[in-house]
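Visitor: Pasting the sequence and the predicted coordinates here, then a few questions.
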Amino acid sequence: MTCAKMEKRLRLHLNESPFLPLPSVVRAIADELNTINRYPSFFPTSAQEFLAGWLGLDADNIVTGTGSVGVALQVLSASRSSRVVYSVPTFDGYPLLADMTGARKISVPTDNDGGQSLDALAAGAGSSDATIVLCNPHNPTGTALKPAEITRFLKSLPHSLTIIIDEAYIEFADEDFRCDLRELLSCHPQVVVLRTFSKAYGLAGMRIGYGIANSDFAKHVQGRALPFGFSTLAQVAMEASIAALDELQARVEAVRRERIALRSDLRRLGIRVFSSQTNFLWLPWEDGAPDWAKRLDGNGVQIKIYPDQGARLSIGDEAENAIVRSASRLPSAYGDIALAAPL
């Protein structure tokens, strides 16, 4: 197979949406561009009210921030935690946020199937002023916990702890893994559920994140948000996306179908690939995964490597996944695909 150069490498390492923004969202943003000489609201009251109405919650349960990672930083700042406990491998942001807030990092390994050990997380936190990070689904292994497991866990924890439940990828998960938000809030006074418009909604560049928490703690967390921090364009894009939920859901279903099919194809190579509830696949660093990762890199496909742990491959669109199949020496419905030369 002949390799042809591409102008840029395939970005399958950041779990971005492979789709261009919806036309209706682009139009809404464009219509608002002539107002960007003006400040947004000092406090994001309108955004909180909109999100609360959409979710069936009260406005004082909503926290906003610069992406979900921005809300996470606000949570750690508000809780003043001495320790941050998380499962490894993990999203790169959490160790950085711990360093930014002066908290000690406590890492707990995932199990052989990429699952998070709730007992180990609780033991790492102890009974002091720690924050536990629970990613559901987990980044980067793609595994998820059932709601009953999470509620039992929350009820077992001391009220002095803070718990972040990071649901950045929840839109890609099966219904069985989706928690009732009011029930979560009833289980613990200092639990914060993080959500984002970066993944399923395809607005990563807009940095729209929010959290759901009990009113007293939500007020405390929102007090750490930057004034003017929720832009007018972000709010317009968010509202237009919610108005186009049917179209966005069709895109989510397309990603889910590609995820299932690509996992099946990679497993045919004899490579272990975890079952995923996200828009990416995790391949532990064994059974041919290192050689496969090198082959993709040599053919211009960027994936996220966690040294000595595994590789994370974002799900692209059909054409991008066809290139992954070709680089992996798998059959493709698109026939032979011209691969990228190393850049």
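Guide: Looks like it came in fine.
Visitor: by contact count, what packs against the worst-scoring helix or strand of the chain on mean pLDDT?
Guide: In the chain, the helix or strand scored least confidently by mean pLDDT, DSSP states H and E is helix 289-298, which has a mean of 91. Helix 289-298 sits against strand 280-284, strand 310-314, helix 318-327, with contacts defined as 3 or more C-beta pairs under 8 Å, 6 or more residues apart in numbering; DSSP states H and E. C-betas here are computed from N, CA, C, even on glycine.
Visitor: Any chance of the ones you listed in CSV with mean neighbour count and distance to residue 260 as columns?
Guide: Shown next, in CSV, are the helices and strands packed on helix 289-298 (neighbours: other C-beta atoms under 10 Å; distance: least, C-beta to C-beta, whole Å):
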stretch, mean neighbour count, distance to residue 260
strand 280-284, 24, 10
strand 310-314, 25, 14
helix 318-327, 20, 11
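Visitor: any idea which helix is longest in this protein?
Guide: Longest helix in the chain, counting residues (DSSP state H): helix 245-267.
Visitor: Just the mean pLDDT for it, thanks.
Guide: Mean pLDDT, helix 245-267: 97.
Visitor: Which elements pack onto it?
Guide: Judged by 3+ C-beta pairs under 8 Å, 6+ apart, the packing partners of helix 245-267 are strand 280-284, helix 318-327.
Visitor: Same list (these) but as JSON lines, adding mean pLDDT.
Guide: Formatted as JSON lines, those follow (pLDDT from 0 to 100):
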{"stretch": "strand 280-284", "mean pLDDT": "97"}
{"stretch": "helix 318-327", "mean pLDDT": "93"}
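Visitor: got those as TSV, with distance to residue 39 columns?
Guide: Formatted as TSV, the helices and strands packed on helix 245-267 follow (distance: least, C-beta to C-beta, whole Å):
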stretch	distance to residue 39
strand 280-284	37
helix 318-327	39
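Visitor: for these, which one sits closest to residue 93?
Guide: Within these, the stretch nearest residue 93 is strand 280-284; the backing value is 15.7 Å (C-beta to C-beta).
Visitor: quick revisit: as TSV, the helices and strands packed on helix 289-298 with distance to residue 166 would be great.
Guide: Compiled in TSV, the helices and strands packed on helix 289-298 are given as follows (distance: least, C-beta to C-beta, whole Å):
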stretch	distance to residue 166
strand 280-284	15
strand 310-314	16
helix 318-327	26
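Visitor: Break this structure down into its structural domains.
Guide: 10-20+246-327, 23-243 (automatic domain parsing).
Visitor: Hmm, residue 127 and residue 158 touching each other?
Guide: Yes: in this structure, residue 158 is within contact of residue 127 by C-beta atoms under 8 Å, at 4.9 Å.
Visitor: Looking at these two, which one has more neighbours?
Guide: More crowded of residue 158 and residue 127, by other C-beta atoms under 10 Å: residue 158, with 14 against 10.
Visitor: contacting residues for that one?
Guide: residue 127 (C-beta atoms under 8 Å, 6 or more residues apart in numbering).
Visitor: So which of the helices and strands packed on helix 245-267 is nearest residue 193?
Guide: strand 280-284 (20.6 Å).
Visitor: Who are the packing partners of that closest one?
Guide: helix 245-267, helix 289-298, strand 310-314.
Visitor: List of residues touching it?
Guide: 15, 114, 139-142, 259, 262-263, 266, 271-274, 276, 289, 292-293, 309-315.
Visitor: ok, it: who's next to it in the sheet?
Guide: Here strand 280-284 is paired, per DSSP bridges, with strand 310-314 (antiparallel).
Visitor: returning to what we had before: nearest approach to residue 233 belongs to which of the helices and strands packed on helix 289-298?
Guide: Per C-beta to C-beta, nearest to residue 233 of the helices and strands packed on helix 289-298: strand 310-314, 25.2 Å.
Visitor: if we can go back for a sec, now for the helices and strands packed on helix 245-267, which one comes closest to residue 33?
Guide: helix 318-327 (29.9 Å).
Visitor: Check which helices and strands that closest one sits against.
Guide: Using 3+ C-beta pairs under 8 Å, 6+ apart: helix 318-327 touches strand 10-11, helix 245-267, helix 289-298, strand 301-302.
Visitor: now the longest one: how far from the chain's centre is it?
Guide: The one in question is helix 245-267. In terms of C-alpha atoms, centre = their mean, to the nearest Å, the centre of helix 245-267 is set 16 Å apart from its chain centre.
Visitor: do the first one as well
Guide: Averaged C-alpha coordinates place strand 10-11 at 18 Å from its chain's average position (C-alpha atoms, centre = their mean).
Visitor: who does that strand touch, helix- and strand-wise?
Guide: Using 3+ C-beta pairs under 8 Å, 6+ apart as the test, strand 10-11 ends up in contact with strand 301-302, helix 318-327.
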